[in-house]
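Trainee: got a predicted model here, sequence first, then my questions.
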Amino acid sequence: MIPELSVSRRTRSTPFTSRVEAAGVQAYTVYNHTLLATKFRGFEADYWHLCNHVQVWDVSCEKQVAINGPDAYQLIQLMTPRDLSKARIGRCFYVPLCNEQGGIVNDPIAIKLSDNEWWLSIADTDVMLWAQGLATGFKLDVQVTEPDIWPLAVQGPKAENLMARVFGESVRDIKFFNIKPMHYRGVDMQVARSGWSKQGGFEIYVNDAVLGGQLWDELFSKGKDLNVGPGCPNLIERMESGLLSLGNDMGYETSPLECGLDQYVSLDADINSLSLPALRQQVPARQLKGLVIDQACQLIDQNIYLDGQCVGQITSQAYSPKYGVHLAFVLCSLPALGASLTLDVNCQQGSVSGRVTSLPFDFKGLGLEPKA
Ligand code: THG
């Protein structure tokens, strides 16, 4: 029997929860103390629908930590090793947030709304508390809050057409990782071209609970012929796309240099960032890699082996129906990676070997062709 999830005020509902339930949600997780759907039709059916049509996701759990005030940039820069000194207004930035040891505290999207207003659209850790502590300790002139904003993602190859029907043609002009205010029934809501899939799409930062419900309904009524449906971040799709999940593939114990986030660490920048001194000194001993197993398998543990020795852990894994292979992200010791291009995992059918690859997966380079 699968245990139930007891829902209370701690497991925050969202303005969309009644609609998510009417749409047939089958499973939830809790993310930033908030309900997040994980399944509607079934993981594989959700995956194919996302790849072929358009989905509306209640990602209210992506809380916004708003930093307002003259020292907003200074506080954000303390938290991330990515150089944001030249950031333009209206841009989004994927940024690791790291502590003094270089460990990953969170991996939000940082959004610059004005010189004095930034949002951090956070993954699943309590960034507001850390930011408030830093603001107090460093005597920064900022206010750190979690405003009532509930992101709604519209994802999939038909997302742009659906968004244009609801917000007008100008929504098509928003470039990837740009954000701008769009009118919805007389209210300005920030809309970005972003989202936790690589199928294309937008995120609407809904700031009015009642209008949010109307927006959900309008997306569904205007998207009928596009086969719009409810959805949620999908494990299979995000692994195929190489998107990392905080708490699964990385966390306090891992650094961005171990997780392949080097491009978001500005080691040479002349900026005041808490983690940069440690990151500059660091010699990573492990690396997050892809593992491709050319058959479906039921894993019986999370370890990876080289010549019978455990050399690391599987952090995420899923069968890819599109490529007919089992995909894993693995955190593996560097000496083992230097020694071998294949590693073994324990499946129900016994020890099975997989190919070690870079992330994101280069399916073509691996000789894998997509089905359907
Ligand atoms: N959208 C919003 N908030 C979020 C997420 C989101 N908060 C939590 C979580 N997701 C944060 N993590 C990520 C991870 C990857 C990306 C976005 C958020 C992402 N990465 C692109 C990539 O890796 O190709 C682009 C990165 C870049 O070019 O800067 O989109 O999904 N609102």
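Mentor: Cool, got the structure. Residues are numbered from 1 along each chain as shown.

Trainee: hey, let's count contacts and neighbours off CA atoms from now on
Mentor: Noted.

Trainee: list the buried residues in whichever strand in the chain runs longest.
Mentor: In the chain, with assignment by DSSP state E, the single longest strand is strand 309-320. For strand 309-320, the neighbour count (16 or more other Cα atoms under 10 Å) marks 310-320 as buried.

Trainee: what pLDDT, on average, does that strand get?
Mentor: Confidence over strand 309-320, taken as the mean pLDDT, stands at 97.

Trainee: how far does it sit from the chain's center?
Mentor: 19 Å (Cα atoms, centre = their mean, to the nearest Å).

Trainee: now stretch 243-251
Mentor: 8 Å.

Trainee: what do you get for stretch 338-348?
Mentor: 27 Å.

Trainee: alpha carbons of that stretch, as CSV, please.
Mentor: Only the C-alpha atoms of stretch 338-348 are listed here, as CSV (Å, rounded to 0.1, in the frame of the first residue of the first chain):
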residue,chain,number,x,y,z
GLY,A,338,40.0,8.5,-15.6
ALA,A,339,40.4,4.7,-15.5
SER,A,340,37.3,3.6,-17.4
LEU,A,341,34.7,4.6,-20.0
THR,A,342,32.2,2.1,-18.6
LEU,A,343,30.9,1.5,-15.0
ASP,A,344,28.7,-1.2,-13.5
VAL,A,345,25.4,-1.0,-11.7
ASN,A,346,23.4,-3.7,-9.8
CYS,A,347,20.2,-4.6,-11.4
GLN,A,348,17.7,-7.3,-10.7
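
Trainee: please enumerate the strands of the stretch 201-350 of the chain.
Mentor: Using DSSP state E, counting those that start in this stretch, the strands of the stretch 201-350 of the chain run over 201-206, 228-231, 286-293, 299-306, 309-320, 325-333, 342-347, 350-357.

Trainee: out of those strands, which is closest to the ligand?
Mentor: Closest of these to the ligand is strand 201-206, at 6.5 Å (criterion: Cα to the nearest ligand atom).

Trainee: what's that closest one packed up against?
Mentor: Packing partners of strand 201-206 (3 or more Cα pairs under 8 Å, 6 or more residues apart in numbering; DSSP states H and E): strand 150-155, helix 159-167, strand 187-192.

Trainee: in its sheet, what does it sit against?
Mentor: With DSSP bridges as the test, strand 201-206 is paired with strand 150-155 (antiparallel), strand 187-192 (antiparallel).

Trainee: what about Leu274, distance to Gln77?
Mentor: 8 Å (Cα to Cα, to the nearest Å).

Trainee: hang on, Val171 in a helix?
Mentor: Yes: assignment of Val171 by DSSP: H, G, I helix; E, B strand; the rest coil places it within a helix.

Trainee: ok, back up a step: now tabulate the helices and strands packed on strand 201-206 in a markdown table and tack on mean neighbour count and distance to Leu243.
Mentor: Shown next, in a markdown table, are the helices and strands packed on strand 201-206 (neighbours: other Cα atoms under 10 Å; distance: least, Cα to Cα, whole Å):
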| stretch | mean neighbour count | distance to Leu243 |
| --- | --- | --- |
| strand 150-155 | 27 | 15 |
| helix 159-167 | 18 | 19 |
| strand 187-192 | 19 | 18 |
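
Trainee: quick one: closest of the ones you listed to Asn303.
Mentor: strand 150-155 (33.4 Å; Cα to Cα).

Trainee: that's all I had, so thanks and see you.
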